[in-house]
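Visitor: based on what follows, work out the 3D shape:
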Amino acid sequence: MKPAWSIHPDEWKPILAEKGLRPFRADQILQSLYRDYITSWDDATTLPKDFRETLKQEFPITKADLLTVSESSDGTKKLLVGFSDGNSVETVLIPATGRFTQCISTQVGCAMGCAFCASGSLGIVRSLTADEIVAQYMLARKYGEITNIVVMGMGEPFANYDEMMRALKLINAGRGPNLGARHITISTCGVVPGFERLASEGIQFELSVSLHAANNTLRDQLMPVNRKWPIEELIEACANYTIKTKRIITFEYTMIKGVNDSRADAERLAGIVKKVPMAKVNLIPLSPVEHRPDFKTPEESTMLMFLDILMKAKIQTMLRRSRGKDANAACGQLRLRNIKK
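Guide: A predicted model of the protein is given here:
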């Protein structure tokens with residue numbers, strides 16, 4: 001038995017042949033899954049009923065239930081998705097002019113323990129399988145055509161590399177959902193071995209790195225992963241990645257009032273980023289989380305000062321605006337509140 005949403009489109013014919021089933025049915029299966037977007041084999045009415053029963057037994061469609069939807073006044077939607085074992089993850093839908101972005105999770109909880117992240121406040125439960133990652137995408141499509149995916153939800157993608165990559169290759173596949181590789185971004189907190197693995201894939205997925213501090217002392221406190229792979233080692237891996245792939249890396253920097261938002265922090269960050277041949281910076285105002293009431297969002301003037309320093313250092317920088325605050329859209333908050341209930 002193999003979940004349908006874990007099978008790459010190119011694998012269907014060989015798998016059917018191996019099981020003594022008619023390989024020509026593969027095209028009908030792909031039509032049903034990725035053009036009709038069925039969520040049950042009963043809905044694949046172009047297939048004979050007896051074949052549908054076989055598919056149910058051999059290639060089940062992963063059950064994913066929509067437990068809660070939290071909607072923001074800015075149009076952002078956070079979906080809490082439940083699986084058959086009782087665990088749940090979050091996926092967020094962010095509308096913008098000309099694009100509809102989905103933020104996807106790769107794990108239930110997170111082991112990385114970043115200080116300002118609700119996802120890791122309860123630790124890691126388990127990693128998701130490829131079909132469960134794809135299930136988030138399939139469930140979200142009822143809200144509109146997804147134009148971009150960011151693997152920036154619950155969990156560390158490089159800590160679940162194989163299942164995450166299988167899911168993304170399926171979503172990217174031409175005979176599958178056919179979402180372009182450059183419209184898929186993987187975000188890591190700095191698990192260094194993942195950089196070389198991703199570079200060797202030869203796929204043009206985008207890569208972003210959560211930095212959030214410009215010196216090891218502070219980053220050790222905010223992001224425990226830094227104790228294993230400190231900034232110097234991380235930046236070297238980033239530089240090597242851009243040299244090998246000729247692709248730009250985006251550094252994500254969440255700004256926390258009085259913690260990492262000083263002029264000196266901005267200048268140190270500029271010095272670090274310049275060591276990577278192809279890089280840009282996203283500045284993100286903190287979305288406050290319940291378990292860290294001491295962490296606040298900086299004033300607008302502080303964020304603009306920070307932005308000005310980086311731009312004067314000739315670093316491509318964007319100051320992002322927080323989306324979905326009133327929908328608990330910061331990673332992990334909706335699941336945390338659901339567990340507390």
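Visitor: which helices and strands sit right next to the strand or helix carrying residue 150?
Guide: Assessed by DSSP states H and E, residue 150 sits inside strand 148-151. Using 3 or more C-beta pairs under 8 Å, 6 or more residues apart in numbering; DSSP states H and E as the contact criterion, the neighbours of strand 148-151 among helices and strands are strand 99-103, helix 161-172, strand 184-188. In this view, the C-beta of every residue, glycine as well, is placed from N, C-alpha and C.
Visitor: recalculate using a threshold of 7 Å.
Guide: For strand 148-151, the packing partners by 3 or more C-beta pairs under 7 Å, 6 or more residues apart in numbering; DSSP states H and E come out as strand 99-103, strand 184-188.
Visitor: residue 94 falls within a strand, correct?
Guide: Yes: counting by DSSP: H, G, I helix; E, B strand; the rest coil, residue 94 is found in a strand.
Visitor: quick one on the thing from earlier: report the distance from the strand holding residue 150 to the chain centre.
Guide: Distance of strand 148-151 from the chain centroid (C-alpha atoms, centre = their mean, to the nearest Å) equals 6 Å.
Visitor: neighbouring strands - and their directions - for that strand?
Guide: Pairing partners of strand 148-151, with direction, according to DSSP bridges: strand 99-103 (parallel), strand 184-188 (parallel).
Visitor: as a markdown table, those strands with distance to residue 63, mean neighbour count and mean pLDDT would be great.
Guide: What follows is those, written out as a markdown table (distance: least, C-beta to C-beta, whole Å; neighbours: other C-beta atoms under 10 Å; pLDDT from 0 to 100):
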| stretch | distance to residue 63 | mean neighbour count | mean pLDDT |
| --- | --- | --- | --- |
| strand 99-103 | 20 | 20 | 97 |
| strand 184-188 | 25 | 21 | 98 |
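Visitor: right, so of these, which gets closest to residue 291?
Guide: In terms of C-beta to C-beta, the element of these nearest to residue 291 is strand 99-103, at 20.3 Å.
Visitor: next structured bit after that closest one?
Guide: Following strand 99-103 in sequence, per DSSP H and E, is strand 107-109.
Visitor: which residues are contacting that next one?
Guide: When contacts are taken as C-beta atoms under 7 Å, 6 or more residues apart in numbering, the neighbours of strand 107-109 outside the stretch itself are 87, 89, 119-120, 122-128, 154-156, 159-160.
Visitor: which of the residues you listed are buried? Put it as a PyMOL command.
Guide: The following PyMOL line selects those of these that are buried, judged by 16 or more other C-beta atoms under 10 Å:
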select buried, resi 87+89+119+120+122+124+125+127+128+154+155+156+159+160
